[in-house]
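Q: just the structure for this:
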Amino acid sequence: MTWRTLQKEARERHLNLLGGFHPTPADRVPVSCKTLVLLGPDEPAFWPAFTQSAEYKDNRPDAMDRWSTRVINAWAQMRGATTLFPFGGAPFLPFFSWATRTGRIHASPINFLVHDTAGLFVSFRGALALPELVDLPPSPQSPCNTCTDQPCRAACPVSALTPNGYDVPECKAYLDTPDGAGCMQTGCAVRRSCPVSERFGRLTAQSAYHMRHFNGD
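A: Below is the predicted model:
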């Protein structure tokens with residue numbers, strides 16, 4: 001099993017390998033796991049595929065989580081792997097710390113995670129706990145290290161997201177106003193401000209979908 005093979009299989013399922021690492025007992029992974037691989041949407045191919053799925057069309061709750069469970073579980077069964085998901089209720093798995101263990105996902109200046117190719121649009125659909133040791137590609141440095149302007153620091157119109165923390169009530173209150181329509185329709189202004197995010201290929205319709213669910217639709 002190679003990283004290239006896994007990436008090919010991921011993209012066949014409209015997913016992308018965000019990074020991986022070789023865990024220790026402290027990482028809270030299945031005891032059989034020798035390589036943990038984090039999975040995110042393969043943009044921009046993911047959204048058109050997802051919106052044609054049965055989960056999206058059945059109008060039941062948690063469509064994207066149900067799609068992820070179906071697709072990743074089937075892949076894991078083929079690979080003899082164990083699936084892990086960032087949703088499903090408490091106790092939640094430590095995806096934040098797993099992400100930083102990959103060396104490709106870092107804490108940004110506003111404490112959201114940032115990825116070397118997804119930027120602040122990085123998101124997790126699940127993880128594969130593989131029973132074999134997979135050679136991992138070199139990890140690039142955090143894109144924030146070479147981002148001299150760091151526009152994310154000042155991008156929030158109501159300063160709800162700063163290096164000091166995230167004021168979720170202030171954010172949601174703004175989204176419920178006419179001025180908040182820009183974020184609701186095109187995605188979080190802070191996430192969009194990241195230069196890496198701008199090159200990522202996330203479709204506006206997908207960002208709007210996430211914002212509606214975040215804001216309680």
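
Q: and the lowest-mean-pLDDT helix or strand in the chain, which strands flank it?
A: Ranked by mean pLDDT, DSSP states H and E, the weakest helix or strand in the chain is strand 161-162, scoring a mean of 86. Strand 161-162 has its sheet partners listed here by DSSP bridges as strand 165-166 (antiparallel).

Q: what's the first helix or strand after the strand it pairs with?
A: The helix or strand immediately downstream of strand 165-166 is helix 168-175, counting by DSSP states H and E.

Q: just the buried positions in stretch 74-87, please.
A: 75-76, 79, 81-87 (16 or more other Cβ atoms under 10 Å). C-beta: built from backbone N, CA, C; applies to glycine.

Q: and if you look at stretch 96-111?
A: Here stretch 96-111 shows 98-106, 108, 110 as buried, counting by 16+ other Cβ under 10 Å.

Q: surely Pro157 is within a strand?
A: No - counting by DSSP: H, G, I helix; E, B strand; the rest coil, Pro157 is not part of a strand but coil.

Q: circling back: quick check, nearest of the buried residues of stretch 74-87 to Ala154?
A: Pro86 (28.6 Å; Cβ to Cβ).

Q: does the closest one sit in a helix, a strand or a coil?
A: coil.

Q: quick one on the thing from earlier: in strands only, show me the buried residues of stretch 96-111.
A: 105-106 (DSSP state E).

Q: in contact with the residue lying closest to Ala49 once chain neighbours are set aside, which residues?
A: Excluding its sequence neighbours, the residue lying closest to Ala49 (Cβ to Cβ, 6 or more residues apart in numbering) is His14, at 4.3 Å. Taking Cβ atoms under 8 Å, 6 or more residues apart in numbering, we find His14 in contact with 41-42, 45-46, 49-50, 71.
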